[in-house]
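*Asks:* Okay, sequence plus prediction incoming.
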Amino acid sequence: YNGPSMTNHETDSPSTLHAPLDKRWMILHTKARQEKAVAKFLAAGGIEHDLPLVERVTVTRGRKHRSEVPLFSSYVFVKGEKQAAYDAIATKRVASFIEVNDQTRLEAELAAIHLALESGFEVEEFPKLAIGTSARVTKGPLLGVEGIVIEEARRTCLVLHVEMLGRGAAVEIERDLLEE
């Protein structure tokens, strides 16, 4: 008996010595108006990130200007190893980062927000956690999305929370598309 036999791939695999760290979602808290620069830095490094943008139209001297601005000012979502966050902080454009414990929840929250952004509905930042009734969209492009219903100024909005930020995205929606 010569002992247990090992296949070639088991002995030559570098992953047994240095297993790659899990890529996890983190939230970068950027300095004022630095979100796009940080996203560009992450993209250049091949680091997976998410920066939800909304279109803003401003009028200056009678001319309309369209621009894309971050839905969540001062925040960029990044998926990677902690070193990616440290590298972003080294750019002097990031103040700090927040580790996300519930990875699945954040991914679901971001997916719902992107669905809302792509739906054609108007989406705007909701600066706090909404207090209201939970509801699910039953028809239309947001079918299945869940959020908090709020009524304000003769309009109905569905607020999609990003719990880690303590804020969300408000989508103006018709009441008959919702089921409480």
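*Replies:* Happy to help now that I have it. Residues are numbered from 1 along each chain as shown.

*Asks:* Ala116 and Leu28, how far apart?
*Replies:* 22 Å (CB to CB, to the nearest Å). C-beta coordinates here come from the backbone N, C-alpha and C atoms, glycine included.

*Asks:* Kindly report the same for Arg167.
*Replies:* Going from Arg167 to Leu28 by CB to CB gives 15 Å.

*Asks:* now do Leu110
*Replies:* For Leu110 relative to Leu28 (CB to CB), the value is 14 Å.

*Asks:* okay, the two: which has more neighbours?
*Replies:* Leu28 (26 against 16; other CB atoms under 10 Å).

*Asks:* Report all helices and strands that the helix or strand harbouring that one contacts.
*Replies:* In this structure, Leu28 sits in strand 24-30 according to DSSP states H and E. In terms of contacts (3 or more CB pairs under 8 Å, 6 or more residues apart in numbering; DSSP states H and E), strand 24-30 is packed against strand 75-80, helix 82-90, strand 94-99, helix 103-118.

*Asks:* which parts of that strand are buried?
*Replies:* Using 16 or more other CB atoms under 10 Å as the test for burial, strand 24-30 gives 24-28, 30.

*Asks:* can you check stretch 85-103 too?
*Replies:* 85, 87-89, 93-94, 97, 100.

*Asks:* and the strand holding Leu28, which strands flank it?
*Replies:* Partner strands for strand 24-30, per DSSP bridges, with pairing direction: strand 75-80 (antiparallel), strand 94-99 (antiparallel).

*Asks:* hmm, back to that, export the buried residues of stretch 85-103 to JSON lines and tack on distance to Leu106 and pLDDT?
*Replies:* Below are the buried residues of stretch 85-103 laid out as JSON lines (distance: CB to CB, whole Å; pLDDT from 0 to 100):
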{"residue": "Ala85", "distance to Leu106": "15", "pLDDT": "95"}
{"residue": "Asp87", "distance to Leu106": "21", "pLDDT": "96"}
{"residue": "Ala88", "distance to Leu106": "18", "pLDDT": "97"}
{"residue": "Ile89", "distance to Leu106": "20", "pLDDT": "96"}
{"residue": "Arg93", "distance to Leu106": "22", "pLDDT": "98"}
{"residue": "Val94", "distance to Leu106": "18", "pLDDT": "98"}
{"residue": "Phe97", "distance to Leu106": "13", "pLDDT": "96"}
{"residue": "Val100", "distance to Leu106": "5", "pLDDT": "97"}
